[in-house]
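[1] Sequence unavailable; structure follows:
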């Protein structure tokens with residue numbers, strides 16, 4: 001079993017394995033807690049740079065659960081259908097981070113949101129450059 005895990009992790013670069021492990025964490029630890037345990041009064045979800053609260057946040061968490069579950073499965077199996085969707089989702093995250101950084105007004109300079117957005121654009125570009133890894137399955 002450990003050999004099978006090592007073989008699977010060897011299918012992709014380390015940074016892609018980190019994204020896959022993040023998707024597994026979100027799918028099996030964070031989002032079940034967020035949806036079923038986290039109190040409705042404090043729930044927040046961000047989509048396209050807009051913060052949603054309460055029941056809308058719970059609905060957004062269900063969408064996030066689907067996205068991260070698909071990402072975890074797609075990366076584990078290196079499914080062809082994941083490309084280009086993963087790049088598009090990461091670019092959506094970049095847009096959200098940039099917009100959120102500008103609109104949040106939490107005292108942080110707006111350029112910090114743009115810097116984080118730039119990091120996600122680079123991550124999307126990295127996935128695009130490794131698109132041939134998804135062609136095999």
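    Okay, I see it. Just so you know, these numbers come straight off a predicted model, no measurement behind them.
[2] who are the neighbours in contact with residue 57?
    By Cβ atoms under 8 Å, 6 or more residues apart in numbering, the residues touching residue 57 are 43, 44, 45. Placement of C-beta: from N, CA and C, glycine included.
[3] Go through the helix or strand encompassing residue 66 and flag the buried ones.
    Applying DSSP states H and E as the criterion places residue 66 in helix 54-77. Using 16 or more other Cβ atoms under 10 Å as the test for burial, helix 54-77 gives 57-58, 60-61, 64-65, 67-72, 74-75.
[4] And for stretch 48-55?
    For stretch 48-55, by 16+ other Cβ under 10 Å, it's 49, 52.
[5] who's in contact with that stretch?
    40-41, 43-46, 59-60, 92, 95-100, 102-103.
[6] what's the span of that stretch, first residue to last?
    17 Å (Cα to Cα, to the nearest Å).
[7] quick one: the nearest residue to residue 12 once chain neighbours are set aside from residue 86, how far?
    Spatially, and ignoring its direct neighbours in sequence, residue 12 is nearest to residue 133 (6.0 Å; Cβ to Cβ, 6 or more residues apart in numbering). To residue 86, residue 133 is 11 Å away according to Cβ to Cβ, to the nearest Å.
[8] which stretches of the protein aren't confidently modelled?
    105-106, 136-137 (pLDDT under 70).
[9] That one: helices as residue ranges?
    For the chain, applying DSSP state H gives helices covering 2-9, 14-25, 31-36, 54-77, 82-103, 110-129.
[10] Many thanks, I have nothing further to ask.
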